[in-house]
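Here is a sequence with its predicted model. Questions after.
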Amino acid sequence: MGPVSTAPIAFLKGHGTENDFVIVPDPDNALDLPAALVARLCDRRAGVGGDGLLHVVRSAAHPEARDSAGEAEWFMDYRNADGSIAEMCGNGVRVFARYLQHAGLVTAGDLAVATRGGVKHVHLAKNGEVTVAMGRARLPEEQATVSVGERSWPARNVNMGNPHAVAFVEDLAQAGDLYTEPPYSPASVYPDGVNIEFVVDRGPRHVAMRVHERGAAETRSCGTGACAVAVATARRDGADPALTGTPVTYTVDVLGGTLVITEHPDGTVEMTGPAVIVAEGHFDPAWFDAAAGASG
Ligand SMILES: N[C@@H](CCC[C@H](N)C(=O)O)C(=O)O
């Protein structure tokens, strides 16, 4: 075992509609967080546990965010539970903003957060809800087919900064146990992997979804996934706001709660939902050093 860290490293635990995260504040980007260490920290039995990790870094201190430092003081360096890097996390960015507020680094109101998917403008409302301007969805032409067992469905390709395949099913149970990633083809549609959403109707402008997240398996919510689902459902319903000139709002039920998604006529998408800090503490220095040593 290497030398024990001198200063204990802080972490928090938070969630947004039960999409849960290990939060690691590291303003100066001093920590080395290789994929294997992130996977250890997100491990639900041997680590703290989470669907992903929010590495909180000042934009000026991170090579991927330096250019955004004038617009957004903080960078969400998002990692999936398996340690892989993702462009964006919709629930994560709400929880990230809640952390900044909890730590006294921002007050309720408006702030900007840099992400690999661009700068996101966030509103921390007094009622505890958080709204994020998620930017425009892209709808690439290439489509894929998603399968579970013997059943296959066409999947709408929606990019919210990260890739999504949205399949409309009759019953969410058709998604199966989602322990493993449902196969999709052709694989060339998603060269970097994909998040897969299964969707059913619940009522007018109201749907429910389950998701298999790239780099994490089934999670109880996915914010970018809920946005992709709202956009795909609007196209299916013939309610494209760019054509009608009217914003369209969908309520999207996830296993861990509800998200409200609005697409505007200019194509921008807004997401509103909760963000909660659950706990805070420090990693045991010896445990952290051993985990870091085993991952190095
Ligand atoms: N849970 C997230 C999405 C996290 C990233 C995703 N697994 C990916 O690899 O793209 C959300 O709330 O958007």
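Arrived safely, thanks for sending. Residues are numbered from 1 along each chain as shown.

for the closest residue to residue 122 other than its chain neighbours, helix, strand, or coil?
Excluding the flanking residues, the one nearest residue 122 by C-beta to C-beta, 6 or more residues apart in numbering is residue 97, at 4.4 Å. (C-beta placed from N, C-alpha, C; glycine too.) Counting by DSSP: H, G, I helix; E, B strand; the rest coil, the backbone at residue 97 sits in helix.

Now for residue 239: which residues touch it?
The contact partners of residue 239, by C-beta atoms under 8 Å, 6 or more residues apart in numbering, come to residue 248.

Pull the number of nearby residues for the closest residue to residue 268 other than its chain neighbours.
Setting aside the residues directly before and after it, residue 268 is nearest to residue 136 in space (C-beta to C-beta, 6+ apart), at 5.7 Å. For residue 136, the neighbour count with other C-beta atoms under 10 Å is 17.

Would you mind confirming that residue 136 is in contact with residue 267?
Yes: contact status for residue 136 versus residue 267: in contact at 4.3 Å, counting by C-beta atoms under 8 Å.

if I've got this straight, residue 152 is in a strand?
Yes: looking at residue 152 with three-state DSSP, it is inside a strand.

what about the protein, any weak spots by pLDDT?
Applying pLDDT under 70 to the chain picks out residues 1-6.

the domain parsing of it - what is it?
10-128+276-295, 144-274 (automatic domain parsing).

could you dump these to JSON lines with distance to the ligand?
Formatted as JSON lines, those follow (distance: least, C-beta to the nearest ligand atom, whole Å):
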{"stretch": "domain 10-128+276-295", "distance to the ligand": "3"}
{"stretch": "domain 144-274", "distance to the ligand": "3"}
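
one step back: doesn't residue 124 make contact with the residue nearest to residue 122?
Yes: using C-beta under 8 Å, residue 97 makes contact with residue 124 at a distance of 5.7 Å.

Common neighbours of these two, please.
106, 111, 130.

Can you pick out the residue with more neighbours from residue 97 and residue 124?
Shown here are residue 97 and residue 124; by other C-beta under 10 Å, residue 97 has more neighbours (27 against 21).
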